[in-house]
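S.K.: sequence-free structure coming up:
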């Protein structure tokens, strides 16, 4: 029992967070507990698969494991979004020859080698000659010859086998569909009812998509915009401004863009989101081979390492943990890669290559000062008292050398911080005075392994207490060891 108590309060050795997707291979209470033990900090529930009853059971399992683990765990519900798909074929499949003509039409009759239904009327009005249609994650590439009201005649630049309901990507046009379908609205209501901490919005094309989701969320939870459409890139700054976090969703982004364009774009999205002080997650195919293999490829290891060096807040596992044969091993290896990179003497220099400047506010100036002090004075960590989470985000934006202990009276903020770089959050009772704040901060720091007797820590808070966004106090405290005699 002593071992469990110690585990509950010890921070992770690494600062980047691991977001693991749960599915058939991993949603049992036993597997969730094992994934937490291996290094998972947050869990993704993919609303594209499964029903609400299954998701409700998964979320209940996460909350039970969180209680046993004794550390706030974030739950991210990922909405499916307006996935475009072809209709069905005679016998369930067909073959499109290279260079052949192929028609997408509105006829619901089963398709064949020459045509298939495209059950998305909105596409017939926006496509024009020369534009591309990518089917089955880009395995088949069609080029529009002629777009009419009821039929789109294409040439198959890259043919092959096609089967029922394969996905369609339209990279060369902004599709006039909202980012949320009726299914997404039902799933969003369900996620909010279940107490999800983050909602991920798929296929964001414009700031209005984010605004619509925000309106439906009604102030509950945090919104993560997934960047997976080329149309989002010209308005990226406005999307970042309107969202609470950003996910670089490289799956569809890699389908709709040339592969060589994705890495520099990933770095740009990470840097611009970091500049805003909001969490940024790098996702999709990070350890893809581990769906079937117990070890990753060298290229995958480098890919994860690069995201850590770029200073992303979190890296995500998808099918590797949801449906793969080695979910615990995938989390373990991701944890080991991140820990190794963060121990590299060059790591600190690399994550500060991004030009991240504080806003002209007292709170931002103090956050920057705390990071500067950590460079000059030997401190064990930064203690942040926050009710809204804004002070924690400001400190994380500076990527300080030392870990951050976040103390908050709001459980939802503690959980949300599970995707924030370097944050070890503890849900604790509210405080009423400066003296109480300092005493509690010292006590929780000692209990959580942030230093020993004689260690110095930086404390950041706002006075008067209970006023969101009013950080105006920076205080350096020294741990004496007597604090453990008090009560949290």
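M.R.: The structure has been received and is ready for your questions. Owing to the predicted nature of the structure, the values given are computational and were not obtained by experimental measurement. Numbers count the residues shown, from 1 in each chain.
S.K.: assumed residue 391 was part of a helix.
M.R.: Yes. When classified by DSSP: H, G, I helix; E, B strand; the rest coil, residue 391 is found to be part of a helix.
S.K.: let me know the distance separating it from residue 251.
M.R.: In this structure, residue 391 lies at 34 Å from residue 251, with CB to CB, to the nearest Å as the measure. (Glycine included, C-beta is placed from N, CA and C.)
S.K.: helix/strand/coil for residue 58?
M.R.: Residue 58 carries the three-state label helix when classified by three-state DSSP.
S.K.: tell me the pLDDT at the residue lying closest to it once chain neighbours are set aside?
M.R.: Counting by CB to CB, 6 or more residues apart in numbering, the nearest residue to residue 58 once its immediate chain neighbours are dropped is residue 27, at 4.4 Å. At residue 27, the model reports a pLDDT of 97.
S.K.: give me the three-state assignment for residue 107.
M.R.: Under the three-state scheme (three-state DSSP), residue 107 adopts coil.
S.K.: doesn't residue 156 belong to a strand?
M.R.: Yes. Inclusion of residue 156 in a strand is indicated when three-state DSSP is applied.
S.K.: partners of it in the sheet?
M.R.: Bridge pairing for residue 156 (DSSP bridges) gives the partners residue 142.
S.K.: for it, list the residues it contacts.
M.R.: Residue 156 makes contact with 96, 97, 98, 99, 100, 101, 102, 140, 141, 142 under the criterion CB atoms under 8 Å, 6 or more residues apart in numbering.
S.K.: residue 135 now?
M.R.: Counting by CB under 8 Å, 6+ apart, residue 135 makes contact with 86, 141, 142, 162, 166, 167, 168, 169.
S.K.: now, which of the residues you listed lie within strands?
M.R.: Restricting those to those inside strands, with DSSP state E as the criterion, leaves 141, 142, 162, 167, 168, 169.
S.K.: contact partners for residue 307?
M.R.: By CB under 8 Å, 6+ apart, residue 307 lies in contact with 16, 266, 270, 282, 286, 315.
S.K.: now with 6 Å, please.
M.R.: By CB atoms under 6 Å, 6 or more residues apart in numbering, the contact set of residue 307 is 282, 315.
S.K.: name the element it belongs to?
M.R.: In this structure, residue 307 is located in helix 298-309 according to DSSP states H and E.
S.K.: low-confidence ranges, the stretch 1-150 of the chain, go.
M.R.: With pLDDT under 70 as the threshold, the stretch 1-150 of the chain has low-confidence stretches at 1-9.
S.K.: quick check: the residue most central in space within the chain vs residue 84, distance?
M.R.: Central residue of the chain (CA atoms, centre = their mean): residue 281, 3.9 Å from the mean position. With distances defined as CB to CB, the gap from residue 281 to residue 84 amounts to 24 Å.
S.K.: what is the burial count for the residue nearest to residue 148 when sequence neighbours are not counted?
M.R.: Closest residue to residue 148 apart from its sequence neighbours, by CB to CB, 6+ apart: residue 124 at 7.5 Å. Close neighbours of residue 124, defined as other CB atoms under 10 Å, add up to 17.
S.K.: please apply the same query to residue 478.
M.R.: By other CB under 10 Å, the residues close to residue 478 number 12.
S.K.: just to revisit the earlier point, pull out the buried residues from the helix holding residue 307.
M.R.: Counting neighbours by 16 or more other CB atoms under 10 Å, one finds that the buried residues in helix 298-309 are 300, 301, 303, 304, 305, 306, 307, 308, 309.
S.K.: quick check on the ones in strands among the contacts of residue 135: which are buried?
M.R.: In the ones in strands among the contacts of residue 135, the ones that pass as buried (16+ other CB under 10 Å) are 141, 142, 162, 168, 169.
S.K.: quickly list what the fourth one is bridged to.
M.R.: With DSSP bridges applied, residue 168 shows beta-bridge pairing to residue 84, residue 135.
S.K.: separation between it and residue 183?
M.R.: To residue 183, residue 168 is 17 Å away according to CB to CB.
S.K.: and if you look at the third one?
M.R.: For residue 162, the distance to residue 183 under the criterion CB to CB works out to 24 Å.
S.K.: surely residue 154 is in contact with residue 102?
M.R.: Yes. Residue 154 is within contact range of residue 102, at 5.2 Å (criterion: CB atoms under 6 Å).
S.K.: which residues does stretch 359-376 contact?
M.R.: Where contact means CB under 6 Å, 6+ apart, the residues beyond stretch 359-376 that reach it are 358, 382, 394-395, 398, 400-402, 458, 460, 471-472, 474.
S.K.: wait, which of the residues you listed is closest to residue 214?
M.R.: For the contacts of stretch 359-376, the residue nearest residue 214 by CB to CB is residue 394; the value is 21.7 Å.
S.K.: and that closest one, what is it in contact with?
M.R.: For residue 394, the contacting residues are 277, 363, 364, 367, by CB under 6 Å, 6+ apart.
S.K.: skipping adjacent residues, who's closest to it in space?
M.R.: Closest residue to residue 394 in three dimensions, ignoring its sequence neighbours and counting by CB to CB, 6+ apart: residue 367, at 3.8 Å.
S.K.: ok, now residue 155?
M.R.: Residue 155 sits nearest to residue 143 (CB to CB, 6+ apart), 5.0 Å away.
S.K.: just checking, the one you found touches residue 152?
M.R.: No. Using CB under 6 Å, residue 143 and residue 152 do not qualify as a contacting pair, with a distance of 10.7 Å.
S.K.: neighbour count: the two, which is higher?
M.R.: Neighbour totals were compared for residue 143 and residue 152, and residue 152 leads with 23 against 14 (other CB under 10 Å).
S.K.: residue 293: which of the ones in strands among the contacts of residue 135 is nearest?
M.R.: Scanning the ones in strands among the contacts of residue 135 for proximity to residue 293, where the rule is CB to CB, the winner is residue 167, at 25.5 Å.
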